[in-house]
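Chemist: Pasted the sequence and its predicted model underneath.
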Amino acid sequence: MRRQSRPMQITDAAPSHAEELHRREVRYVVMMVVRAVCLILATVLVTAHAPYLAIWVPLLVAGALIIPWLAVVIANDRPPKRQYRLSGRLGHTPPDQRALDAAPDVAPPERKVIDAEP
């Protein structure tokens, strides 16, 4: 059994601003790397006179032009608030957390009432 490096999150609190920003930065960098790969691959295909050049080069150039716009839009987007998430609209709600019931054969303890005035 492998141990997880991060503890399990058991709260409904939103992730911290720093954690959210890091996720968005990583997503942006990955998309820009994909853009660079598109440009490099288009250049290599043109210089190598690869077959189906008329199909691949426009696709790769279109990807290299569209990906930066998508990267900026996605990097600036914040995750939706809990009330606006799709899972809430589909009727999937987490089960209510209930306290454990006492055993039926155990009587509830007597409670003392302490009154401040006689």
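Modeler: Yep, that arrived.

Chemist: What is the longest helix of the chain by residue count?
Modeler: Assignment by DSSP state H gives helix 17-48 as the longest helix of the chain.

Chemist: Are there helices or strands packed against that one, and which ones?
Modeler: helix 53-76 (3 or more CB pairs under 8 Å, 6 or more residues apart in numbering; DSSP states H and E). Where you see a C-beta, it was placed from the backbone N, CA and C, and this is true even at glycine.

Chemist: Give me the buried positions along the helix it packs on.
Modeler: 57, 60, 63-64, 67, 71, 75 (16 or more other CB atoms under 10 Å).

Chemist: just checking, what packs against it?
Modeler: By 3+ CB pairs under 8 Å, 6+ apart, helix 53-76 packs against helix 17-48.

Chemist: Which secondary structure element of the protein has the lowest mean pLDDT?
Modeler: For the chain, using mean pLDDT, DSSP states H and E, the weakest element among its helices and strands is helix 86-89, scoring a mean of 58.

Chemist: List the contacts of the closest residue to residue 24 other than its chain neighbours.
Modeler: In space, and not counting its chain neighbours, residue 24 is closest to residue 75: 4.8 Å by CB to CB, 6 or more residues apart in numbering. When contacts are counted by CB atoms under 8 Å, 6 or more residues apart in numbering, residue 75 touches 24-25, 27-28.

Chemist: Let me have those residues in JSON lines, adding distance to residue 117 as columns.
Modeler: As requested, the contacts of residue 75 are exported to JSON lines (distance: CB to CB, whole Å):
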{"residue": "24", "distance to residue 117": "60"}
{"residue": "25", "distance to residue 117": "63"}
{"residue": "27", "distance to residue 117": "64"}
{"residue": "28", "distance to residue 117": "67"}
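
Chemist: which of the residues you listed lies closest to residue 44?
Modeler: Set against residue 44, the nearest of the contacts of residue 75 by CB to CB is residue 28 (24.8 Å).

Chemist: what sits against the closest one?
Modeler: 71-72, 74-75.

Chemist: at 7 Å what do you get?
Modeler: 71, 75 (CB atoms under 7 Å, 6 or more residues apart in numbering).
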